[in-house]
Structures are given as structure tokens and as C-alpha cells.
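A.B. asks: give me coordinates for this.
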Amino acid sequence: MGMERYIKFIKEGEPVSPGTPNRPLQQIDQNVNYLLDLINAAQLGSTVYARSQSVDSTLQVGQPVWLNPATAQFEAAYAATDTDSATGYLTVAEQAQVWGIVAEKHNATLADILLFGYAEIDMHVATDTAPADDVSAGTWYLSGASAGKLTRQQPPVSVPVCKTDLSGNVFVNPSFVDFLENHRHYVFELEMEPAGTVTPPSPGGTHSITAADSSQTGWLPASDAVFNGNAPVGAKFGYNLSQNPTLSAIYPPIPLQSAAIQMQRPSIYDHLNERKSYGEQLMDDLVVIDRNGIWWLSDCYDEVPWPTDLDTTSSISESYSECDPQGKSYSMRFYYARVNFATDNTAVASLNSKDSRLVITCEGTDKPATNGPLDIDLDLSFMVGGLAESGYSVFKSFDSTTNTFDKGPVASGVFATSNNVLLTGSESQVVGSNVVYRGDIGIGVLASAAELHSQLVRLDGVIEANYPVLYLGFPNDNASSYVVKFEVPADAPVGSTFSFRPRIIGRTAGTLPPLSTSYYTAGRPTDGLNTPITVTQSYTSIPMTTVATLVSANQAVEATSDSFAVTAGDIVYIKLERDPTAASDSYAGELGIMQQIGILSSPS
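C.D. replies: Numbers count the residues shown, from 1 in each chain. As a prediction, the model looks like this:
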């Protein structure tokens, strides 16, 4: 009985019979009873249902089910096992993973599944009990003979599903625990070849492996570095577990006494009348199995785990697989039953690092390990992430006392804010309107110039005039000159130079004459009052072109002298002279100096 979602009320013109007016009342009564059942179950907390689930159409009430992911529906469960092809390990099949039992069917493909709890459910079909008989009380197991059936007899594949009482009730409590967890059987095929070069010895001689290669499968000399010196006394060869990840992942056997190796291979002395094949289980005088590996104890002639006459240096030599393509004569299998202890789910059995920065080694050594006494260390040398991140605060040191990182500010990039600054770097990036340099950065300064204003002027025949502007006038009827003083700043860069730049006005049209220009400098005392320096007035001529053509009166031009070296703190004196009697002076008017500037240039 389920919920009736659409109540069928009496319609206009519908023929009325005794059942017609009762129809909606019956449907409402059914819904009320259904809701009551749900409320009672919820109040008691005795059941957990999966309501209205898709099921296989053949299922009946009481039958155990599993969820088939391929069909997305519940189907009849049955006890079965699968085999892991890689390890030979026996596993419980998905069909034996019981979810619950069918509690009620709404239609052929829709049912309620009782996942857990105590309820009244008809179990006759699932238990193959005759309808007239009572279902016996007790524990019921999943049947391996018939799908969707239960049996009182505990089968080899034991999957308990439910318990029944004598009142028609059932307690469902399926478990997903693998019934095989406490006892696992493994079988592995071992390679019967050396992981290196071998040549057959003379009869009675001993076998050896040269050019051993631990990246190959098979057997290696027991002294190979891959075994970390763990070979037992007397071992000649060891099996390379590192190239068998499936086996090495579950090694060693627990207990070791449960492990055994069976080998079959022809002897070099075999003949038609007598065979000396190795067979059955190998004893510990030939093979030792311990927690560190599988060890072969003999290198005597014809007593090695590969064909006696194998010659890997010869193109015509055959391996055991070539000699025996159907695998009937050559075989080596490693068997063991692994017992799971009560602590298997609560204790650490092995430890592997998923991060190269976390190093796990054998206690007190630097040998990598996964079980036994272990040391765990953090390799900080691998802590390198992104290389292009910009930022202000970074890890700068590690405090081994507090086990904390100390961080602080760093420059994440450099950019120029002035046109006279030249930057270069191993990396650059445009950020906004700036080119930001990172990595190894070079900084240079482009040549720059500063204007120095005159301090004092001494006039000799030069007059101060005020029309049409203020200027120092050189007349055209007699020789005249003046001296102007400039001061070089005390913080001027080393290698600075000085040049003189006057603005010249001509009072009449014509060609301006050449003016003689010279200078001398007075250095700064470098030791204050302690060491006086000698000051000597000694002018040195400097080239400066002042000849220019004026087409009308009161026009101005600007001239610049050649530069000369100066030092921080120098006083520079510039002398400017005019001689109207000189043949080079044909200018008939007065000329004047409207402005005079000293140009201090810094090196690049």
C-alpha cells in the first residue's frame, strides 16, 4: 500500500453505484493509514527505508538486493567472489554487497527498500518457505546458489543479511565489511631472468650477474645498492621488488611463515630417461623470505632461478620464455596468505610520502623506508613555488628554536620617476604607465644640467644701461670688460663641467663682434681652517662664438662657451672683453649682456 496522489472524486453525470461515493473516502483512508505507518516508523526509530526506488521487475517482497550502477536499479543479490588479476587476491563481488531487502512493491519496477531496522515483512519467497508454513527464526545468509534468495546454512561466501522471529518480523542489518578481510590469499608470478648480463659458466662453476640494472625486473646480485645492505648472510641474489609495484606495495608477508615459493624448470642434466627438474616448494636452503625481500642462496652450476645455459650476450641465446613459449616447463610463483589482525584498522602498517618535501627514512639512517622504525624530516630545499609573484612581505629566515618562519619587506620591483634615470634589468614588466624592472637591476643617470646664477660683477669700462631693458653695455668707442662670479654647489657630482651662457642685445643693426672669454677657478679648502690653499688669479681662454647678424636694432641672441671641468665647491670667475679697435670688431653700435647664466653639467 502506497500513497495515492490523485483522489478520484464523483464527476458530474457519472453513474452512481454503491461503490462510487465510497471511492474517494477509501483513497483518503488508504493515504491516512500509509502516513500513519510512516509516522509510527519514524517515532519508533526502528526502520530506515529507501522509498520508491527503481527495481528489477522480477524482484518480490523480502528478497535481498544490491544496486547495479550499470542499470541504476536495485537487482537480486547473490553471494559470489571476484579475483584481482594483479595480485590473485580473492575479493567479494559487487553482487554480494547487500543494501537491504524489498519491503513493498508499488508496481513492477518501483519498490520501498528496507535498508535497516525491524519491521513486519513477508519473507516466504526469499527463504523458499511454503506459504502455509512459518518462516523459521534465526540468521539468514545470502545464497550463492540462487539470486535474491536467503539460506540458514552459512555458505563459504558468508554474507549475513537479516534475522527473523516467529511473529513474521524481520531485523535487517546488512554490512559492507568484506568477509575475506581476516584472511587473504595472494599469488604472484616472479620473473625467472637476471636483471643484468649473464653468461653460462663451465659445468661445476658458479653463476654471476654483471652490468646489473636495478631498473629491470628479475634477479640482482644480493650486494646491489637497491637492497640497502639488507641481504641475509649467504644470499647470492635478490629479487628486484622495486620493479614489481603490486607486490612491493603489500610486502612483507604477515606472518613470514605463511609465504612460500614454488618453482618448476628443467635441469641442464635432463634427458629422455631421467629428469632432474626442480619442482614443488623451494626449501629455505635455497630461498629465504624475510621482511626485506626474497633471497636466493645458491650460485652453483644449474642452481639459479633462470635457465642454466642463458647467455644474454649472445644473439642466439634463448630466455625461458623463448624456450618454453606455452609456460609449461618454467614457472616461479610466490604464495602467501596474509592474516589481518585486530589492529590492522587502528595501527599504521606503512607510511608513504605523497610530497617530495616530506622525507621518510629508516630510523637513524638516510635510507628510504615505509615501515618499521621510521624517521620523518622536512626537506625545505624543495619549498619553491611560483617564480613570478610580486609582493612586499616574504619569508626571510627560519627560526629552528620556535620552528617558525620570519618574514619581512623586500622590494618587488624598481621603476624610474625621472627621465634622467636609466634602468636595466634581467626581467621587466609594464605596470600601468611604468616599466618595472626585477631581478639583477642596473641604475644609471643620464647627463643633466643645472643653471647657476651670477653672484658678483666687477665692471671695467662697461656701463649699466636701462633701455630698452636692463643690461651691461659694451661701448663701441673704447675697450671694456667685466668679471662675473659663479659658485659651484658643494654636492656637485664628480666629473662635472661648467659652461658660460650670456644673452646679448645689439642696439643697432649689423654684425656683432667677437668677445674674448676667459675663466679661472678658486678651489674650496678641503680641511677647513687647518690647511690653507693658495688662491691665484690666472685666467684661461675658452672658446665662445658671439658673432651674429642683426637685421634691426634691439635684437638679442644667446651664446654658449665651451665647457671646462670644475669641482664641487669651486668659485668660477668669467671675464668678458670687447676691443672696438680690433680689426675683427666692425660693429658700430653698443652691445649689452641682458642675462648671464652658468651651466653645470653632470656626467652620465
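A.B. asks: strands along the stretch 301-450 of the chain, start to end?
C.D. replies: Assigned by DSSP state E, counting those that start in this stretch, the strands in the stretch 301-450 of the chain fall at 331-339, 358-362, 374-378, 393-399, 404-409, 421-431, 434-445, 448-453.
A.B. asks: to clarify, my last question referred to the stretch 51-200 of the chain.
C.D. replies: So, for the stretch 51-200 of the chain - with DSSP E, counting those that start in this stretch - the strands run 64-68, 73-76, 81-83, 90-92, 100-107, 110-120, 138-142, 150-151, 160-164, 169-172, 183-189.
A.B. asks: on contacts alone, who are the packing partners of the third one?
C.D. replies: It stands for strand 81-83. With contacts taken as 3 or more C-beta pairs under 8 Å, 6 or more residues apart in numbering; DSSP states H and E, strand 81-83 sits against strand 90-92. All C-beta atoms are positioned from the backbone trio N, CA, C, and that covers glycine.
A.B. asks: hang on, the earlier thing: of all the strands of the stretch 51-200 of the chain, which lies closest to Ala231?
C.D. replies: strand 183-189 (20.2 Å; C-beta to C-beta).
A.B. asks: now do Arg5, the pLDDT please.
C.D. replies: In the predicted model, Arg5 carries a pLDDT score of 59.
A.B. asks: and what of the one 10 residues further on?
C.D. replies: Pro15 is assigned a pLDDT of 67 by the prediction.
A.B. asks: got it, and the one 4 residues further on?
C.D. replies: Looking at Gly19, its pLDDT is 59.
A.B. asks: and for Ser167?
C.D. replies: 89.
A.B. asks: tell me how far the nearest residue to it once chain neighbours are set aside lies from Pro131.
C.D. replies: Ranked by C-beta to C-beta, 6 or more residues apart in numbering and with sequence neighbours excluded, the top spatial neighbour of Ser167 is Glu120, at 7.8 Å. Distance check for Glu120 against Pro131: by C-beta to C-beta, to the nearest Å, it reads 16 Å.
A.B. asks: quick one: which of the two has more around it?
C.D. replies: The residue with more neighbours, out of Glu120 and Pro131, is Glu120; 11 against 7, by other C-beta atoms under 10 Å.
A.B. asks: contacting residues for that one?
C.D. replies: Ser167, Gly168, Asn169, Val170 (C-beta atoms under 8 Å, 6 or more residues apart in numbering).
A.B. asks: show me the two of those that sit farthest apart.
C.D. replies: In the contacts of Glu120, the most distant members under the criterion C-beta to C-beta are Ser167 and Val170, with 10.0 Å between them.
A.B. asks: who has more neighbours out of these two?
C.D. replies: Val170 (26 against 9).
A.B. asks: so that one makes contact with Ala103?
C.D. replies: No: Val170 is not in contact with Ala103 according to C-beta atoms under 8 Å; the separation is 9.3 Å.
A.B. asks: quick one: common contacting residues for the two?
C.D. replies: For the pair Val170 and Ala103, residues contacting each of them under the criterion C-beta under 8 Å, 6+ apart are Leu114, Ala119, Ile121.
A.B. asks: pLDDT wise, what is the last one at?
C.D. replies: What that stands for is Ile121. Per-residue pLDDT puts Ile121 at 94.
A.B. asks: can you pull the phi and psi angles for the nearest residue to Trp295 once chain neighbours are set aside?
C.D. replies: Closest residue to Trp295 apart from its sequence neighbours, by C-beta to C-beta, 6+ apart: Ala235 at 4.0 Å. Taking degrees, to the nearest 10, you get phi -70, psi 140 for the backbone angles of Ala235.
A.B. asks: tell me how many other residues surround Ala235.
C.D. replies: Around Ala235 sit 23 other residues, with neighbours defined as other C-beta under 10 Å.
A.B. asks: same question, the one 10 residues further on
C.D. replies: Residues within reach of Pro245, counting by other C-beta under 10 Å, total 9.
A.B. asks: please apply the same query to Asn403.
C.D. replies: Under the criterion other C-beta under 10 Å, the count of neighbours that Asn403 has is 8.
A.B. asks: most distant residue from the centre of this structure?
C.D. replies: Most distant from the centre of the chain: Asp477, at 90.8 Å, with distances by C-alpha atoms, centre = their mean.
A.B. asks: got a list of what that one touches?
C.D. replies: Going by C-beta under 8 Å, 6+ apart, Asp477 touches Pro580.
A.B. asks: lowest-scoring secondary structure element of the chain by mean pLDDT?
C.D. replies: When each helix and strand of the chain is scored by mean pLDDT, DSSP states H and E, helix 320-323 comes last, with a mean of 57.
A.B. asks: in the stretch 101-250 of the chain, which spans are helices?
C.D. replies: In the stretch 101-250 of the chain, the segments counted as helices under DSSP state H, counting those that start in this stretch are 124-127, 245-249.
A.B. asks: which of these sits most buried?
C.D. replies: helix 124-127 (a mean of 21; mean count of other C-beta atoms under 10 Å).
A.B. asks: and it, average pLDDT?
C.D. replies: For helix 124-127, the mean pLDDT works out to 94.
A.B. asks: convert the C-alpha atoms of that helix to PDB, please.
C.D. replies: Output for helix 124-127, consisting of C-alpha atoms alone and laid out as PDB, is shown next (Å, rounded to 0.1, in the frame of the first residue of the first chain):
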ATOM      1  CA  HIS A 124       8.400 -16.600   2.400                       C
ATOM      2  CA  VAL A 125       9.600 -16.000  -1.200                       C
ATOM      3  CA  ALA A 126      13.200 -15.000  -0.200                       C
ATOM      4  CA  THR A 127      13.600 -18.000   2.100                       C
END
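A.B. asks: would you turn the strands of the stretch 51-200 of the chain into a markdown table with distance to Ile289?
C.D. replies: Shown next, in a markdown table, are the strands of the stretch 51-200 of the chain (distance: least, C-beta to C-beta, whole Å):
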| stretch | distance to Ile289 |
| --- | --- |
| strand 64-68 | 39 |
| strand 73-76 | 44 |
| strand 81-83 | 23 |
| strand 90-92 | 21 |
| strand 100-107 | 44 |
| strand 110-120 | 44 |
| strand 138-142 | 37 |
| strand 150-151 | 40 |
| strand 160-164 | 36 |
| strand 169-172 | 45 |
| strand 183-189 | 12 |
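A.B. asks: least reliable of the ones you listed going by mean pLDDT?
C.D. replies: The minimum mean pLDDT among the strands of the stretch 51-200 of the chain belongs to strand 90-92 (a mean of 71).
A.B. asks: flag the shaky bits of the stretch 351-500 of the chain, pLDDT-wise.
C.D. replies: Scanning the stretch 351-500 of the chain for pLDDT under 70 picks out 371-372, 380-392, 446-447.
A.B. asks: could you rerun that using 90?
C.D. replies: Applying pLDDT under 90 to the predicted model, the residue ranges of the stretch 351-500 of the chain that meet it are 351-450, 455-457, 490-494.
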